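In: structure for this input, please:
(3 chains, ligands or ions: 3)
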Amino acid sequence: MTTETVSKKSLLTPFNVITGLILVMGAALTVWRFGWGIGAVTNLDNNNPWGLWIGFDLLCGVVLAAGGFVTSSAVYLFGMKKHHAAVRPAILTAFLGYLFVVIALQYDLGRPWRLPYPFVVQSGTTSMLFEVGLCVALYLTVLFLEFSPAALEWLGLKRLRNLIHKLTIALTIFGVVLSTLHQSSLGALYIIAPAKLHPLWYSTYLPTFFFISAIAAGLSMVMLEGWLTHKPLHDKMSEEYLAQHDDLYFGFAKGASFVLMGYFFIKVIGIAVDNEWNLLGTGWGQWFLFELLGFVLLPSVLYAIGTREKNLKLIRWTSLLTVLGIILNRLNVSVIAFNWHLPSEMRYVPSWQEIGVTVFVCTMLVVTFKFIATRMPIFYDHPEYKDEH
Amino acid sequence: MKRRNFLGLMGAAGVSATLATKAQAGGNVHFEGYPGSRGVLFDATRCIGCRKCEIGCNEVNNLAKPEKPFTDLTVLDTARRTENEAYTVVNKYDQEGGAPVYRKIQCMHCLEPSCASACFVAAFAKQPSGAVTYDESVCVGCRYCMIACPFEIPTYTYDDPITPKVIKCDLCDANIKAGKISVPGCVNSCPKEALVYGEREELLKIARNRIGANPDKYIDHIYGEREVGGTSWLFISGVPFSEIGLREDLGVTSGPELNSGALSVVAMVPALWPLLLAGVYGITRRTDKINTQEKADAVAQAITETQDKANSDMKAAMERARNDKEATVKREVAKALEEAAKAAEEGDVEKEEEGA
Amino acid sequence: MEHAFYTLQDFLLYTKGWAYILMGASLVVFVAYWKFLFSRDKD
Ligand code: SF4
Ligand code: SF4
Ligand code: SF4
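Out: Ligands and ions are numbered 1, 2, ... in the order given. Sure, this is the predicted structure:
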């Protein structure tokens, strides 16, 4: 037995093979997209200028990365100090989430190299997209700084690491401010299109809806991620992380349950203030109720039962349900209930290439996460900095 | 490109802030649009669907010739929208038991354009002339303007990988400013005077007069007078507007107005959130401190208590020890004396033995 | 230079430019002010 055959064997896992294939396909699609234009690979047209890349990659990507600001503010600002072991995984996910949102955006923009234009050439300050862009850029920087201690510990750059560590509170507060702004302004993007978005989803409360649901999404993502990373990264997790884990679940599940209940009510209020009760009886209304009852109210109640009965399994599955519900909501607003007035043959359905690029970007995210989490002190404390928190 | 970059904006703002006019200082601001700005009135009762306006537009803008020639009127049988190669299109709307009605569509040149409100590089601008123009040199290609336009007008050159851009009618602003033409190409080539170019105020008067003079012929509404805050293109028609593809559910609120509510909240978030969060953090830290203090106090007290107890125990132990010691000493002394006495006795015996 | 605004859009473009500058300023000032406020506390 030589070491060579061993390493070869371990490289050819099904995970690696599939990942490799996806990356090859992604590279090909990238060449196609940038060589032949957006039109060559997407089903976007003049009636449907935004598709999957905005609806999923941008809207869902950003909302699912909300775990970063939710966890760091819970731990550093709201006194859930004993859960500090959960901060790093959440920050890393958020950082990578935003990073890959920005990468995915390059595919959708007509001239991606002009991305800094709003800030350096001419600012369209009336645009909600201006705010989204500004906040995402700033927040990506904040997340990078928040994440950097882990990398600096790994690299052994003590001084710099300690300097940044001192900024934790300020960074956390900036993070909350910026997250509040751009989570809500993603919803506000659609305020300008009352004629195109179905009235049940359109509301002047859209920014609030997006922000509140982002909190629920953030909490749920932290739980879901803890669940998904548990097996593959178990040996990388510190005793402390593991010990606090169940407790964290119960705390976060309570929080998510309450937030979802609030979200449920503001959604209903949204219907009431626009007097859209009659629309609930239509086909779109049923679809709306499906989302509201099945993916907002139900998870809220399930979380509550889960924490009351200390049922970890139920909580985990509920976190998945919540995350799927938020994705459904974002897709409803951006794709499914958007342009609902158009005849069906003019409606948008993503092309396989669009889906391919999305899968490609998600895969890159997972690979990067794995690379970092298996090397840097994410799920455990670096021995030299153990007692600081 | 030079219009408004951030620094320029700051400079300009700095100077003019001191000279702020009443209008911009007041909270309840109202804007009337550029005085004397121009637009076009389209009269659907006059349009015969000849597509001459499409030809005119195609020519003044040097667009590629379409596959089917403009003279081919079968094109009208399918509904069309504006395209990259067609800034304007005419559609046919069949009427039950009557002649079909035709309607031309192009950018409406909104008084408060949604596209401008949406663009994050301010590529669109409402010009004093009335035109809403687009500046390709700053466009990033996000296509949010297309999402925002309630009339679904702007198009995008998706197939261009290097310099894709948004395309829409510019009310022939560039050509008119360059002095090439004085009237938009489409208006100029209409044989039926279904199109009138002029100051919007004048056009509104003309429209009202036509409706007033022929109340049976016209629907009593000028489409574009108030729709989405008003548009520079105005439409009058003999059939309901929704029947000729003009949506009547767009409301009268303009894009900038829709946005302004959310925009005004934006500034409050960075101004107030930190105060609130810092407060929460302060409270958490204080609670922590009080908790630690209490804990420390409790520990200290516990320590003193134990110490006291330890002290008294110690004292007792010492006492006991002292007593013990005394007893031991006594015992030892007694023992020693005894031994000494014994030794003395023995000595005596020895001496006696020696002496004997 | 006197600004005369004829459209709400132009007005918003101008005022929101200022709003954004002030938002940035507020964040910077808050940090400094917080330091000032607590610099005498020893803990
Ligand atoms: S105004 Fe000019 S650009 Fe617009 S449709 Fe008419 S001819 Fe074309
Ligand atoms: S019709 Fe559309 S593209 Fe034209 S000015 Fe209005 S919003 Fe802009
Ligand atoms: S596509 Fe261009 S013009 Fe349209 S909103 Fe984006 S940057 Fe502005």
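
In: what does stretch A:353-365 rub up against?
Out: The contact list for stretch A:353-365 (C-beta atoms under 8 Å, 6 or more residues apart in numbering or on different chains) reads A:19, A:22-23, A:25-26, A:29-30, A:32-33, A:41-43, A:51-53, A:56-57, A:96-97, A:100, A:103-104, A:107. Glycine gets a C-beta too; all of them are placed from N, C-alpha and C.

In: give the rounded mean pLDDT of stretch B:285-295.
Out: On average, the pLDDT along stretch B:285-295 is 86.

In: and it, how far from the chain's centre?
Out: 42 Å (C-alpha atoms, centre = their mean, to the nearest Å).

In: and the contacts of stretch A:353-365, which of them are buried?
Out: A:19, A:22, A:25-26, A:29, A:32-33, A:41-43, A:51-53, A:56-57, A:96-97, A:100, A:103-104, A:107 (16 or more other C-beta atoms under 10 Å in any protein chain shown).

In: give me the subset of the contacts of stretch A:353-365 that also touch chain B.
Out: A:Thr42 (C-beta under 8 Å from any C-beta of the partner chain).

In: show me the helices in the stretch 1-150 of chain A, by range?
Out: Along the stretch 1-150 of chain A, the segments classed as helices by DSSP state H, counting those that start in this stretch run A:3-11, A:14-36, A:38-41, A:52, A:61-64, A:67-72, A:87-108, A:117-120, A:128-155.

In: same question but for the stretch 1-150 of chain B, I mixed them up
Out: With DSSP H, counting those that start in this stretch as the criterion, the stretch 1-150 of chain B has helices spanning B:6-17, B:22-25, B:52-60, B:114-118, B:144-148.

In: buried ones in the third one, by neighbour count?
Out: Taking 16+ other C-beta under 10 Å as the basis for neighbour counts, the residues of helix B:52-60 that come out buried are B:52-58, B:60.

In: closest point of the stretch 251-356 of chain B to ligand 1, which residue?
Out: In the stretch 251-356 of chain B, the residue that lies nearest ligand 1 is B:Gly255 (20.1 Å; C-beta to the nearest ligand atom).

In: contacts with ligand 3 among the contacts of stretch A:353-365, please.
Out: The subset of these within reach of ligand 3, counting by C-beta under 6 Å from any ligand atom, is empty.

In: what residues does chain A put near chain C?
Out: A:123-126, A:134, A:170, A:174, A:177.

In: now with 10 Å?
Out: By C-beta under 10 Å from any C-beta of the partner chain, the residues of chain A that approach chain C are A:123-127, A:130-131, A:134, A:138, A:167, A:169-170, A:173-174, A:177-178, A:181.

In: tell me which of these fall in strands.
Out: Judged by DSSP state E, strands contain none of the residues of chain A next to chain C.

In: filter the residues you listed to the buried ones?
Out: Applying 16+ other C-beta under 10 Å to those flags A:123-127, A:130-131, A:134, A:138, A:169-170, A:173-174, A:177-178, A:181 as buried.

In: A:Arg375 touches A:Leu233, doesn't it?
Out: No: A:Arg375 is not in contact with A:Leu233 according to C-beta atoms under 10 Å; the separation is 11.3 Å.

In: neighbour count winner among these two?
Out: A:Leu233 (17 against 12; other C-beta atoms under 10 Å in any protein chain shown).
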